[in-house]
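K.L.:
kindly return the folded structure for what I paste below:
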Amino acid sequence: RFSSPQPCFMRARPNRQMVFQKTSARLTPDRPLHINAESLVLVAAAFLTLGLNRPFLLAALQGRDWASALTWGLAAALLLMLLALNTLIVGSLLVGRWRKAWLAVLLVISALVMHYMQAYRVVIDAAMVRSTLHTHPAEAQELMSWSLAADLLLFAALPIWLLRSVKVSPRPWTQALLRRGGLLGLALLVLVVT
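P.N.:
Below is the predicted model of the structure:
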């Protein structure tokens, strides 16, 4: 049988298609990102410092003269102090195989606290936490808003979604203990100095 040749735009191009499929498969994040536990602690502490302590930093630096070197020194000292404090907190909590679950809980709580500090210009202390635990459902419903949903999505849900692709590389417990102790000791020193 005689068949007419296909036009050039209808001819299959398996080589180019195969190359595209291989390239696009490499770009998908199906392989986890391997980091050590101390790197996870430092990244989480930096995120808490820069992303979720904005209300505190803005209030502490409000009305300062940014042309003065003292203001820049105070800002640097506050950032280092918060980073050291968050490193101590996160480094003490993120141990064992539940470290990612603890970090997820910490992110949700921190996002909630940041939202209410920013929305109502309040400081969250022990008395406020106690009164929140005794809040009736009708009163709690008044605190729900679209801005709360946006803050939870941006500062809790998105980091937790990114956290799922992180895999912490295991270490022998003696090496892990020494490295964690060194990190926490350095954070404590920076906190005291600042």
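
K.L.:
going by C-alpha atoms from here, please, whenever you check contacts or count neighbours.
P.N.:
Noted.

K.L.:
pretty sure residue 152 contacts residue 114?
P.N.:
No. Counting by C-alpha atoms under 8 Å, residue 152 stays clear of residue 114, with 9.7 Å between them.

K.L.:
and those two? Which one has more around it.
P.N.:
Between residue 152 and residue 114, residue 114 has the larger neighbour count (other C-alpha atoms under 10 Å), namely 25 against 20.

K.L.:
need the contact list for the closest residue to the more buried one other than its chain neighbours.
P.N.:
Leaving aside its chain neighbours, residue 114 sits nearest to residue 52 (5.7 Å; criterion: C-alpha to C-alpha, 6 or more residues apart in numbering). Residue 52 sits next to 110-111, 114, 155 when contact means C-alpha atoms under 8 Å, 6 or more residues apart in numbering.

K.L.:
ok, now residue 86?
P.N.:
By C-alpha under 8 Å, 6+ apart, residue 86 lies in contact with 45-46, 48-49.

K.L.:
any idea how far it lies from residue 152?
P.N.:
Distance, residue 86 to residue 152, by C-alpha to C-alpha, to the nearest Å: 19 Å.

K.L.:
so which helix or strand takes in residue 34?
P.N.:
Following DSSP states H and E, one finds residue 34 within strand 33-35.

K.L.:
what about residue 190, how many residues nearby?
P.N.:
17.

K.L.:
in the helix or strand containing it, which residues are buried?
P.N.:
Take DSSP H and E as the rule and residue 190 turns out to sit in helix 173-193. Applying a neighbour-count criterion of 16 or more other C-alpha atoms under 10 Å, the buried positions in helix 173-193 are 176, 180, 183-184, 187-188, 190-191.

K.L.:
repeat for stretch 42-51
P.N.:
42, 44-49.

K.L.:
quick one: which of those residues sit in helices?
P.N.:
42, 44-49 (DSSP state H).

K.L.:
which one of those sits closest to residue 94?
P.N.:
residue 44 (10.1 Å; C-alpha to C-alpha).
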